[in-house]
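Enquirer: My questions concern the predicted model and sequence given below.
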Amino acid sequence: MQFHKYQGTGNDFVMIDDRAHAFDETDQALIARLCHRRFGIGADGLILLRNKPDFDFEMVYFNADGRPSSMCGNGGRCTVAFAKFLGLIADQTHFLAVDGPHDARVETDGTVRLKMIDVAAPQEAEGGEDDVFLHTGSPHHVHFLDPTESPALANFNVFATGHDIRYDQAYDPAGTNVNFVEVPADPSQPWPVRTYERGVEDETLSCGTGVTAVALAASQRGATSPVRLSTPGGELEVAFNQRPDGGFDNVWLSGPAVRVFEGKI
Ligand SMILES: N[C@@H](CCC[C@H](N)C(=O)O)C(=O)O
């Protein structure tokens, strides 16, 4: 089996050209083994690129635990870069993912811009006024750290608090991803974000649907489009239009998507 390894701001994926539909997507144990960081290739998720009538391709996404999941923003950007590497697309594409059709384009510097689904207005979430929930293709709880809260984001226990919220009964049975955000003194500066990812069951270096949720929620706290976000794996940008009903459309997630290596098993 031939595979490629991609990363988008450190959110990493095993990428398989499965245009022949040869990969057994029901084999969760195999997917989990390929993603395992000690017994496998190592990745936050695995993505199959498949042919799809009326689209340039279909992206089929699995979390590192081997289960099919909801949309992966960084994975979507990496799949677009992979489609370009394979010669399937030039600089623009229209493809299908689990949450519906997506447009994307690849800039000359390699930046991949991915159009995300329209998003409803942030909902109140358990935890108080600093906590909101948004569905950006995947479910996301966003917690804004109180500036007086200690420790600050760099020293915050993302795993412990993220795990508690991910398994909170308010999110039963599907669970949620959990993002922690520091509010910058100047909202035009990058918003620091760290994310606990469902299905990886750990903090990842970046989450595309997560920073999208944070950027949209940050618009209620002085951020204006485009919002820059800094994750432990690098910087992403989210541009959007806010509708009169509080929801968002024309949401674009942008950042690097890099081919790291390829191999054969
Ligand atoms: N890393 C992703 C999100 C992947 C899906 C997530 N783990 C879930 O199960 O909801 C991203 O970049 O959006």
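Expert: Okay, I see it. Residues are numbered from 1 along each chain as shown.

Enquirer: number of nearby residues for residue 182?
Expert: Residue neighbour count, defined by other CB atoms under 10 Å, stands at 20 for residue 182. Where C-beta positions appear, they are placed from N, C-alpha and C, glycine not excepted.

Enquirer: residues contacting the spatially most central residue of the chain?
Expert: Residue closest to the mean C-alpha point of the chain, counted by CA atoms, centre = their mean, is residue 208 at 2.8 Å. By CB atoms under 8 Å, 6 or more residues apart in numbering, residue 208 lies in contact with 8, 11, 72, 73, 74, 75, 76, 77, 114, 236, 253, 255.

Enquirer: most surrounded residue in the residues you listed?
Expert: residue 74 (34 neighbours).

Enquirer: three-state assignment of it?
Expert: At residue 74 the chain is in helix, as set by DSSP: H, G, I helix; E, B strand; the rest coil.

Enquirer: Next up, the contacts around it.
Expert: 8, 9, 11, 13, 206, 207, 208, 255, 257.

Enquirer: what's the answer for residue 246, then?
Expert: Here residue 246 is in contact with 120, 121, 122 (CB under 8 Å, 6+ apart).

Enquirer: Next: residue 228.
Expert: For residue 228, the contacting residues are 188, 189, 190, 191, 235, 236, 237, by CB under 8 Å, 6+ apart.

Enquirer: phi, psi of the last one?
Expert: Residue 237 has phi and psi values of phi -130, psi 140 when expressed as degrees, to the nearest 10.

Enquirer: could you point out where the protein is predicted with low confidence?
Expert: Applying pLDDT under 70 to the chain flags residues 149-150.

Enquirer: Identify the structural domains in it and state their residue ranges.
Expert: When the chain is parsed with automatic domain parsing, its domains come out as 2-108+258-264, 123-255.

Enquirer: What is the end-to-end distance of the shortest one?
Expert: For domain 2-108+258-264, the separation between the terminal residues is 4 Å (CA to CA, to the nearest Å).

Enquirer: The longest one now?
Expert: Between the opening and closing residues of domain 123-255 there is a gap of 27 Å (CA to CA).

Enquirer: quick one, helices of the stretch 101-250 of the chain?
Expert: Assigned by DSSP state H, counting those that start in this stretch, the stretch 101-250 of the chain shows helices spanning 158-166, 208-218.

Enquirer: Does the longest one reach the ligand?
Expert: It refers to helix 208-218. Yes - under the criterion of CB under 6 Å from any ligand atom, the ligand is reached by helix 208-218 at 208, 209, 210.

Enquirer: Pick the one among these closest to residue 93.
Expert: Residue 93 lies nearest to residue 208 out of those, by CB to CB, at 16.3 Å.

Enquirer: Which residue is the nearest non-sequential neighbour of the closest one?
Expert: Excluding the flanking residues, the one nearest residue 208 by CB to CB, 6 or more residues apart in numbering is residue 73, at 2.2 Å.

Enquirer: What residues does the chain have near the ligand?
Expert: Counting by CB under 6 Å from any ligand atom, the residues of the chain near the ligand are 11, 44, 63, 69-70, 72-75, 138, 177, 197-200, 207-210.

Enquirer: re the thing from before, residue 4: which of the helices of the stretch 101-250 of the chain is closest?
Expert: Counting by CB to CB, residue 4 lies closest to helix 208-218 out of those; the figure is 18.5 Å.

Enquirer: Packing partners of the helix or strand hosting residue 12?
Expert: Assigned by DSSP states H and E, residue 12 belongs to strand 11-17. Using 3 or more CB pairs under 8 Å, 6 or more residues apart in numbering; DSSP states H and E as the contact test, the elements touching strand 11-17 are strand 2-8, strand 45-50, helix 73-85.

Enquirer: List the neighbouring strands of that strand plus their orientation.
Expert: Each strand paired with strand 11-17, and its direction, by DSSP bridges: strand 2-8 (antiparallel), strand 45-50 (parallel).
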